[in-house]
Each structure stands twice: as structure tokens, then as C-alpha cells.
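Chemist: sequence unavailable; structure follows:
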Ligand SMILES: Cc1ncc(COP(=O)(O)O)c(C=O)c1O
């Protein structure tokens, strides 16, 4: 079957920020947004700005919007609208939900995290362990940055309550076998707790197929506004005692974990972002991204050292590398002078950076998403050659 080609010019025409001369290769830190997202945010503030539950029209429209946002989240993650909760960002949601699940934990219980994780999926568990006298174990990675599932199996025990892991590394782009991790976690009686933040702009998420119990992501990484989004399996959410104000709604289920008034205008932007992704289509996105990644890998100058998988198998097009003779910061500054936006440092992926011997300076990170072009890849490669 033939993969639909992505019309990258048509895509780019929808993003006002992409009219600038900058090559935005900073997607892993946050993506640009299409006009429809910006317009939806502005339209809500112009026409429907109100709190929920009132008898008047703007409040009713706000109620409807919150429902539409949950429906959009359900369609994005492959779950019921009742199984999702919005929050400020992934990290804040993860601190809140980890505290909520831990209401049922006892001293000595164990949590496993991985060395591929962003700290947003590590520190909530470390802090919890500090408060409740739990143990946190780190599942190692192999030298090629793939997750060591043998090490996971070795470290699982009857005391393991949660296995927290990423779908993709925000530092080196490596994918994990989420379905297998969930299977191993469940066999040990633990929950599978997935961080989908880095994966979300690169491919479809189906929580049922993955078999995870909790999954978190951040719409600002997939062409939407600065928000966090969590999925929790219905039976699990129903079993938790939520931290909530007494009068706040208990139903639908996910809503009891949304504390206070949500950023309604951003929910409007979120709905538009999900519509945007569905319009473009994952197949076209994936094929385009793969071609960009292959182009980058084929042309990376010899004076650059890549950390992570050297082909597009088993990864998304997020690349961490160092440049001989330049610190990552210097390289990023030189690229910025040439209107190329990349990240440097550890991007909060402190474990993988330490494991790869890249602390304290980290590495340069170039991340491609579907709105990037082959010309931008070439500009980066030429600039790296010249640095
Ligand atoms: C893999 C991953 N997890 C978690 C986070 C934290 O997300 P947020 O900024 O929404 O808290 C990030 C942000 O870069 C990330 O890349």
C-alpha cells in the first residue's frame, strides 16, 4: 500500500512562526502551532470566556468546550473521554497522580523508573519515596541506548507497585517496547506508567493496544498549547481517592483529578491541535519524518559523534550529538547565529546523559517534526560541517 505523501509547503503555510527564516529543530522542547490553534484560543477568549456550570450562554459554551476537549483527548489517546484529565503540564500532573496512587502504598514498596526517562517521570517517584519510605530502582539501558528488558525482569519483585517508563527518549530518540514492558509489569502485579510526551508528535497512541494503566503527554509538544494531559484506566481511576475540593464534580471520572478551573482557552487550542493532527494524518507524518531522519544520519559530518541508534529503526528523529572542538552550548550558539534553533544540555534527561558520559555539558539535540524540510536538514548539516 502506498503511503500518502506529505505536502510540506501546505503544512508550513498553516504555521505563522514558520514564515520566519529560522529552522525550528527544537521540536522536542516544544513545537510551533498552526493558525487554527491560535485562532481557537483567541476565539474562546473573545466569545465564550466564562467559568463552568452557569445558567448563561458563555458558561454553557464553556461547559461544551470542556466536553469537546475530553472527547478530543479520548480520540487522540484511544480511550474513553472519561478516562482523561487535563492539567498544567506533564510534570505537575505526574506529581499529582503519583501522590494519588501512593495513597495505597506502604513503606518498603518499590517503584521502577528507567535511565531513558525525562526527570518528569523520575523525580515524582523519588520525592514520593522520600515521603513514604519507598524504594526506587533504575532500569538500565544498553550501550546503544535501548532499554534493557532483562534488567527490568531482574529488578521486578512482588513489592514493585509501578513501572514508570517513556515511550520514546527525549534525549536520544530511542523507542521502547511499551506493550512488552506493560506485560512484564502486570505479570509482577505492578502498574505500567508511561510518559508519552516525547513520542506524541511522532505517531499515534493507543493506550488499549499498549496495555498501559496511566499515560501522560503534553499538547505543547504536538502542535498545541502549553497543557498537560493524562490517561488513567477507568477501573484504576475509580479505585483512587482523588485530591479534590468537595464541591468539585466527581463525574465524569477523569474530571475529579482536575483541580480548580482549567485553562479553557488552551482546551480550545487543544481541540484544534488534535483536529490538525488528524487532518495531516499519521502515515504521512511518519513517512516524512523518517525521510528527514535518514537524510540527517546519512549526512552527519565525521567530526560529530552521534549518541543513540544509527538508523531510523527503533527511534524517532531526535538526535543527540557532540561536535569535535565545540561545547554543546557553543555549537548551539553558532547554529543560532545561522538561524538554526537546536537545544543543548541534558534536557532533564539526566540519567541517560550520565549513563552516556555526557555530563555536565550534555549534547546538542536536533529534533525533526513533520513541518521540517529536507532543506532544513541540509542547512543543519552544512552548518555543522562549517562550525
Ligand atoms: C519525555 C518528556 N517527559 C516529560 C517532560 C515534561 O513535560 P512538561 O513540560 O509538560 O512537564 C518532557 C519535556 O520536555 C519530556 O520531553
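Modeler: Arrived safely. Treat the numbers as computed from the prediction; the structure is a model and nothing was measured.
Chemist: only C-alpha atoms for contact and neighbour calcs from this point on.
Modeler: Will do.
Chemist: and the helices in the chain, which stretches?
Modeler: Here the chain has its helices, by DSSP state H, at 8-13, 35-47, 57-77, 90-101, 123-132, 149-155, 178-187, 207-210, 234-239, 264-280, 282-299, 328-337, 350-355, 374-386.
Chemist: show me what contacts residue 189?
Modeler: 158, 160-161 (C-alpha atoms under 8 Å, 6 or more residues apart in numbering).
Chemist: and the residue positioned nearest the centre of the chain, its phi and psi?
Modeler: The centre of the chain sits closest to residue 197, judged by C-alpha atoms, centre = their mean, with a distance of 0.7 Å. Here is the backbone geometry of residue 197 (degrees, to the nearest 10): phi -60, psi -50.
Chemist: wouldn't it be in contact with residue 217 here?
Modeler: Yes - in terms of C-alpha atoms under 8 Å, residue 197 counts as a neighbour of residue 217; the distance is 4.1 Å.
Chemist: residues from the stretch 151-300 of the chain in reach of the ligand?
Modeler: 169-170, 195, 197-198, 218, 228 (C-alpha under 6 Å from any ligand atom).
Chemist: how about a cut-off of 8 Å?
Modeler: Residues of the stretch 151-300 of the chain lying near the ligand by C-alpha under 8 Å from any ligand atom: 166, 168-171, 195-199, 217-220, 226-228.
Chemist: list the contacts for the residue nearest to the centre of the chain?
Modeler: 90, 166, 216-218, 221.
Chemist: in CSV: those, plus pLDDT and neighbour count.
Modeler: Output for the contacts of residue 197, formatted as CSV (pLDDT from 0 to 100; neighbours: other C-alpha atoms under 10 Å):
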residue, pLDDT, neighbour count
90, 98, 25
166, 99, 28
216, 99, 26
217, 98, 27
218, 98, 27
221, 98, 25
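Chemist: narrow those residues to those in strands?
Modeler: 166, 216-217 (DSSP state E).
Chemist: kindly reformat those as TSV containing distance to residue 68.
Modeler: Below are the ones in strands among the contacts of residue 197 laid out as TSV (distance: C-alpha to C-alpha, whole Å):
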residue	distance to residue 68
166	27
216	19
217	18
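Chemist: what sits closest to residue 221 if chain neighbours are left out?
Modeler: residue 30 (4.6 Å; C-alpha to C-alpha, 6 or more residues apart in numbering).
Chemist: isn't the one you found up against residue 217?
Modeler: No - using C-alpha under 8 Å, residue 30 is not in contact with residue 217; the gap is 12.0 Å.
Chemist: got any ranges where the chain has weak pLDDT?
Modeler: 1-2 (pLDDT under 70).
Chemist: domain boundaries for it, per the record?
Modeler: Segmentation of the chain into domains, based on automatic domain parsing, reads 8-25+281-386, 39-277.
Chemist: and the longest one, how far apart are its ends?
Modeler: Domain 39-277 has an end-to-end distance of 16 Å (C-alpha to C-alpha, to the nearest Å).
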